[in-house]
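[1] Return atomic coordinates for the entry below.
(one chain, ligands or ions: 1)
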Amino acid sequence: MSTVFDAIKSRSSTRGYTDEKLTEDEIKKIVLAGLHAPTATNRQEIRFSVVNGDNPVLKELDEEKNKSFGNGRPGAVNFYYGAPTLFILSAEEGFKWSRLDAGIAVQNMALEAEELGLGSVIIGCIEGAMWGEKRAYFDKAFKIPEGYKFEIALAVGHKGTSKEPHTFDESELVEYV
Ligand SMILES: Cc1cc2nc3c(=O)[nH]c(=O)nc-3n(C[C@H](O)[C@H](O)[C@H](O)COP(=O)(O)O)c2cc1C
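    Just a heads-up that it's a prediction; the model follows:
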């Protein structure tokens, strides 16, 4: 049986996907993993938009992102690497813990994707486009409610590429005091 720690250790960013769609059950479990994440003062200020990778607005968002952020990694088909599903997390604007809470939720979701044998990658590079002059248009298209703001996204699908988990030098990063 795999443990949470197994999923934490084996997860890595997936930047290429097969055409296979996620099942409703997989999508539901990933959303639930986000909903189970703690929020400061239990405010539950995160909203989740589940976007089909075929949604034409994602192409527009990709073009908008490219204006300010460049075309991304060599070989990347688009900012979400052709994943069949993109989970967009938005949060109440002005609440001081929104960004942190969104980060906690998105990692919960990435770990659930890992447990399901799926690949995922956290996507922040669209923030300029999401917050730019077409913000109202994108917010409406992704059903981000009034008073909420894009925070982070997670692309999920079946792995078409593989990458080893990142390495680190524990002696540089940790102090026992
Ligand atoms: C807040 C945040 C934003 C990120 N945004 C992007 C992104 O826009 N595009 C991308 O390809 N990867 C993105 N990543 C993935 C990181 O590049 C990746 O997690 C890091 O290189 C470590 O690799 P690993 O996930 O395989 O361990 C993001 C990760 C985080 C935590």
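
[2] The chain against the ligand: which residues are in contact?
    Counting by CB under 6 Å from any ligand atom, the residues of the chain close to the ligand are 12, 13, 15, 121, 122, 123, 124, 125, 152, 163, 165, 166. Where C-beta positions appear, they are placed from N, C-alpha and C, glycine not excepted.

[3] farthest pair in those residues?
    The distance between the two most remote of those (CB to CB) is 21.0 Å, for 125 and 165.

[4] Do me a favour and average the pLDDT over the longest strand that the chain contains.
    The longest strand of the chain (DSSP state E) is strand 148-157. Average pLDDT, strand 148-157: 98.

[5] nearest residue to the residue nearest to the spatial centre of the chain other than its sequence neighbours?
    By CA atoms, centre = their mean, the chain has its centre lying nearest to residue 154, at 1.6 Å. Spatially, and ignoring its direct neighbours in sequence, residue 154 is nearest to residue 87 (4.5 Å; CB to CB, 6 or more residues apart in numbering).

[6] In which helix or strand does the one you found reside?
    Assessed by DSSP states H and E, residue 87 sits inside strand 85-92.

[7] Residue 81 too?
    Per DSSP H and E, residue 81 falls between elements, in no helix or strand.

[8] Now do the nearest residue to it once chain neighbours are set aside: how many residues are near it, please.
    What sits nearest to residue 81 in space, not counting adjacent residues and going by CB to CB, 6+ apart, is residue 15, at 4.7 Å. For residue 15, the number of neighbouring residues by other CB atoms under 10 Å comes to 21.

[9] right, and residue 15 touches residue 161 too?
    Yes - contact criterion CB atoms under 8 Å: residue 15 and residue 161 qualify, at 6.0 Å.

[10] which strands and helices sit next to the least confident helix or strand in the chain by mean pLDDT?
    Sorting the helices and strands of the chain by mean pLDDT, DSSP states H and E puts helix 56-69 at the bottom, at a mean of 93. Applying 3 or more CB pairs under 8 Å, 6 or more residues apart in numbering; DSSP states H and E, one finds that helix 56-69 contacts helix 127-131, helix 135-141.

[11] Tell me which of those helices sits most buried.
    Among those, ranked by average contacts under mean count of other CB atoms under 10 Å, first place goes to helix 127-131 (a mean of 18).

[12] What's the mean pLDDT across that one?
    Confidence for helix 127-131, expressed as mean pLDDT, is 97.
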